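Trainee: here is a sequence together with a model predicted from it:
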Amino acid sequence: MRVALASLQHETNTYCPGRTRLSDFQIARGPEIAPRAKGTRTALGGWVAGLDQIGAELVGLVAAGATPSGVIEGDAYRALCGELEVALARAGRIDAVALALHGAAVAEDVDDVEADWCERIRAHVGADVPLLATFDLHGNVSAAGLASIDLPFPCREYPHVDTFERGVEAARALPALRARVIRPVTHVERLPMLLPPATTRSGPAARVNALCAEQRARPGVLGCSFFHGFPYADVPLAGASIVASADGDPELARDAARAVASFVWEQREAFRPATLSCVEAVARARALPGGPIVIHETCDNPGGGAPGDGTHLLRAMLEAGLDRACFGCIADPEAARTAHARGVGTKLALALGGKSDGLHGAPLHVRAEVTALSNGRFSPRALLAGVELDLGPMARLRIGGIDVLVSSRRQQTFDDEVFRSHGIDVRRMKIVGLKSAHHFRAGFEGLASAIVTADGPGLTTQRIEVFPRERTPRPIWPLDPEATWSARARP
């Protein structure tokens, strides 16, 4: 079986002021894809492993990914589509198509990039060739968007520690699908809900995952998953959904999806986050016994499109006069260059961070000692294991009693490897500050004695009701308390 493999990964924050250019994407082509993905704990790595397990011949098309950011430029998206179509034309006979997608990509004039990609592929390969896709659970999806896909495999966990498993699972489903042993039908139950980021490790999202597992255990149900949606996009398909697939039984798929959707709707108030300001979060962390205590700053999460140079939390930590504390990372290529030029052991005055805009905080005017330098390349161990991250030239600065990591490129903090690579043992710290919504939990829950959430103004604030909406369907909760949904009211 010859299986064509392609990937498009971008989470589009439509509130970002700039556009995402073609140069912002890392692109692998043809035979480059499998070697780069092999051994990584990613959906693409899972596809490669799973296709090997079923003895398939992998035909690489194109794999493109960019850090979450603003709307993709029209010319950039057309260039990516052109690469895909040229690769398809050169691929020869294709027996199946494997895709690693996100679900929340938006380009100029294209609200649903993944649906557009799948429609282009379907037009090329025809109706009878199986097309399977993995997704991020933060996709904004619709029935129309999934119409070209035979069977979707969204990840189920947040942090996304199961993307590799979903890729393997999807690959293993291909033989049965190609032989028509199974005939999937999929139902998308959209809810009028915008959800702030919610971890599946505890709380209402964990309970929803348990219900989805119960539905998947029913005879004939092939899949049931909770798409949380991506609330930082103002598009017509923004919102949460339950997606269920059944073997030739559309009513079963619809029943499974609505059973879970009913619980999500009933529990919607439980998804409201209890937020602390950065100053309040630092005060709470200082009052807690033991350590390390992790404070995660959700409002400036590069993993959701924020600039990563926000100063709200770091300012609160410095003003509190913390000792035995560290912070990672703040993206400031200018400060990193200065530190590299001056060298380890030097002391310098800096305007640190706050260079992108005023929303995420003003620059911090500090005196710092350069205590370590690096090229910013390392591999996380908890999430995205096997992937080499490149944050560009980095510096460890000592500011008062706080060790601050400065990067040249923005990246949320997944685990303690970025600290370790700069000589910092977080286990010896009282307080660890970082930028991330929930992915950090994969690496820090086993280390932290407590976790405190800090939120403030920013492009990824948990207070999603502050964003203006021009294209999002209304009414929608929590913007509109009068929003309604009922499974009984639907045909």
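Mentor: Right, received. Where do you want to start?
Trainee: switch to C-alpha atoms for all contacts and neighbour counts from now on
Mentor: OK.
Trainee: where are the low-confidence patches of the protein?
Mentor: Counting by pLDDT under 70, the low-confidence segments of the chain come to 488-491.
Trainee: name the residue closest to the centre of it, please.
Mentor: Nearest to the geometric centre of the chain sits residue 303, at 5.9 Å (C-alpha atoms, centre = their mean).
Trainee: could you grab the helix/strand/coil label for it?
Mentor: helix (DSSP: H, G, I helix; E, B strand; the rest coil).
Trainee: that one and residue 248: what is the separation?
Mentor: 38 Å (C-alpha to C-alpha, to the nearest Å).
Trainee: go on, residue 422?
Mentor: On the measure of C-alpha to C-alpha, residue 422 and residue 248 end up 55 Å apart.
Trainee: do the same with residue 177
Mentor: According to C-alpha to C-alpha, residue 177 and residue 248 sit 12 Å apart.
Trainee: what of residue 165?
Mentor: In terms of C-alpha to C-alpha, residue 165 sits 25 Å off from residue 248.
Trainee: let me see the contact set for residue 294.
Mentor: Applying C-alpha atoms under 8 Å, 6 or more residues apart in numbering to residue 294 gives the contacts 285, 431, 432, 433, 434, 444, 448, 450, 451, 452.
Trainee: list the contacts of the lengthiest strand in the chain.
Mentor: As assigned by DSSP state E, the longest strand anywhere in the chain is strand 364-374. In this structure, residues lying in contact with strand 364-374 by C-alpha under 8 Å, 6+ apart are 311, 315, 339-340, 343-354, 393-400, 422-423.
Trainee: mind giving me the ChimeraX command for buried ones among those?
Mentor: Of the contacts of strand 364-374, the buried ones go into a single ChimeraX selection, burial set by 16 or more other C-alpha atoms under 10 Å:
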select :311,315,339,340,343,344,347,350,352,353,354,393,394,395,396,397,398,399,400,422
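Trainee: narrow the contacts of strand 364-374 to those in strands?
Mentor: Those of the contacts of strand 364-374 lying in strands (DSSP E): 347, 348, 349, 350, 351, 352, 394, 395, 396, 397, 398, 399.
Trainee: for those residues, which one is nearest residue 219?
Mentor: residue 394 (52.9 Å; C-alpha to C-alpha).
Trainee: beta partners of the closest residue to that closest one other than its chain neighbours?
Mentor: In space, and not counting its chain neighbours, residue 394 is closest to residue 407: 4.6 Å by C-alpha to C-alpha, 6 or more residues apart in numbering. Taking DSSP bridges as the rule, residue 407 bridges to residue 331.
Trainee: same check, this time on residue 349
Mentor: residue 367.
Trainee: and the gap between it and residue 242?
Mentor: Distance, residue 349 to residue 242, using C-alpha to C-alpha: 52 Å.
Trainee: with residue 143 instead?
Mentor: In terms of C-alpha to C-alpha, residue 143 sits 11 Å off from residue 242.
Trainee: identify the contacts common to these two.
Mentor: residue 188.
Trainee: higher neighbour count, those two?
Mentor: residue 242 (27 against 14; other C-alpha atoms under 10 Å).
Trainee: which element is the more buried one on?
Mentor: Using DSSP states H and E, residue 242 maps to strand 241-247.
Trainee: helices or strands up against that strand?
Mentor: Here strand 241-247 touches strand 184-190, strand 221-227, helix 250-266, going by 3 or more C-alpha pairs under 8 Å, 6 or more residues apart in numbering; DSSP states H and E.
Trainee: indicate which one of those is closest to residue 52.
Mentor: Comparing the helices and strands packed on strand 241-247 by C-alpha to C-alpha, strand 221-227 comes nearest, at 22.4 Å.
Trainee: sheet partners, orientation included, of that closest one?
Mentor: strand 241-247 (antiparallel).
Trainee: what lies in contact with the partner strand?
Mentor: Contacting residues not belonging to strand 241-247 are listed as 140-142, 151, 182-191, 220-229, 252-254, 256-258, 260-261 [C-alpha under 8 Å, 6+ apart].
Trainee: doesn't residue 67 make contact with the residue nearest to the centre of the chain?
Mentor: Yes. Contact status for residue 303 versus residue 67: in contact at 7.1 Å, counting by C-alpha atoms under 8 Å.
Trainee: what's near enough to touch residue 3?
Mentor: Contacts for residue 3 (C-alpha under 8 Å, 6+ apart) come out as 56, 57, 58, 59, 94, 95, 96, 97, 98.
Trainee: out of the residues you listed, which end up buried?
Mentor: Looks like the contacts of residue 3 have 56, 58, 59, 94, 95, 96, 97, 98 buried, using 16+ other C-alpha under 10 Å.
Trainee: quick one, what contacts the second one?
Mentor: If I follow you right, that is residue 58. Contact analysis of residue 58 by C-alpha under 8 Å, 6+ apart lists 2, 3, 4, 5, 48, 51.
Trainee: next: the fifth one.
Mentor: With contacts defined as C-alpha under 8 Å, 6+ apart, residue 95 is in contact with 1, 2, 3, 4, 129, 130.
Trainee: looking at these, which are in strands?
Mentor: Reading strands off the contacts of residue 95 with DSSP E, I get 2, 3, 4.
Trainee: my guess is the last one meets residue 93, correct?
Mentor: In this case it means residue 4. No. Using C-alpha under 8 Å, residue 4 makes no contact with residue 93, being 9.4 Å away.
Trainee: the two: which is more packed in?
Mentor: residue 4 (25 against 14).
Trainee: so what sits opposite that one in the bridge?
Mentor: Residues in beta-bridge contact with residue 4 (DSSP bridges): residue 59, residue 97.
Trainee: same check, this time on the one 5 residues further on
Mentor: In this structure, residue 9 has beta-bridge partners residue 65, where bridges are defined by DSSP bridges.
Trainee: if I look at the residue nearest to the centre of the chain, how far off is residue 440?
Mentor: Distance from residue 303 to residue 440, by C-alpha to C-alpha: 11 Å.
Trainee: find the residues that touch each one of the two.
Mentor: residue 412.
Trainee: which residues sit in contact with residue 155?
Mentor: Residue 155 sits next to 134, 135, 136, 137, 162, 163, 166 when contact means C-alpha under 8 Å, 6+ apart.
Trainee: just confirm residue 168 is within a helix.
Mentor: Yes. Using three-state DSSP, the assignment for residue 168 is a helix.
Trainee: surely it and residue 49 touch.
Mentor: Yes. Counting by C-alpha under 8 Å, residue 168 does reach residue 49; the two are 6.4 Å apart.
Trainee: follow-up on the earlier one: restricted to strands, list the contacts of residue 155.
Mentor: The strands, defined by DSSP E, take in 134, 135 from these.
Trainee: which one of the contacts of residue 155 is nearest to residue 212?
Mentor: Once C-alpha to C-alpha is applied, the member of the contacts of residue 155 that ends up nearest residue 212 is residue 137, at 13.1 Å.
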